[in-house]
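K.L.:
Need a 3D model of the sequence below.
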Amino acid sequence: MSPGPSLILVAQTAMAKSRIEASVGMGIGATIFAIIVSEGLFVLLNSVPWVYLGLKVVGGSYLCFLALKMWSSSNESVKANMMSNKTSNGLPKMFWAGLFT
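P.N.:
Just a heads-up that it's a prediction; the model follows:
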């Protein structure tokens, strides 16, 4: 993967100007892009019902595959490790790492 225009803009702006300007602009641009893509997907799924059915079947199958994979690889040592890895307020440290990442 090569860096895109977003990375170049952020790097240039962070060095020369305020990062807030680039962050707000990129956030608004990403929101507009997401709305346009969502509308296009909505039109596609309403126009071609078999695509919607296919996505539901493929998505459900993938979730079942993940569930079976998680169930088959589970063991007790992970549960014991998770219990000893809690912060003072009772939540696991990885929760906070994932939340802030």
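
K.L.:
Quick one: mean pLDDT for stretch 11-23?
P.N.:
Mean pLDDT, stretch 11-23: 68.

K.L.:
Tell me if residue 65 really is in a helix.
P.N.:
Yes - read with DSSP: H, G, I helix; E, B strand; the rest coil, residue 65 is one of the residues of a helix.

K.L.:
pLDDT-wise, which helix or strand of this structure ranks last?
P.N.:
Sorting the helices and strands of the chain by mean pLDDT, DSSP states H and E puts helix 76-84 at the bottom, at a mean of 53.

K.L.:
quick one: average confidence on stretch 52-59?
P.N.:
95.

K.L.:
Just the C-alphas of that stretch, formatted as CSV.
P.N.:
C-alpha atoms of stretch 52-59 as CSV (Å, rounded to 0.1, in the frame of the first residue of the first chain):
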residue,chain,number,x,y,z
TYR,A,52,-29.2,-8.2,-0.3
LEU,A,53,-30.1,-11.8,0.3
GLY,A,54,-26.6,-12.9,-0.8
LEU,A,55,-24.9,-10.5,1.6
LYS,A,56,-27.1,-11.7,4.5
VAL,A,57,-26.2,-15.3,3.7
VAL,A,58,-22.5,-14.7,3.3
GLY,A,59,-22.4,-12.4,6.4
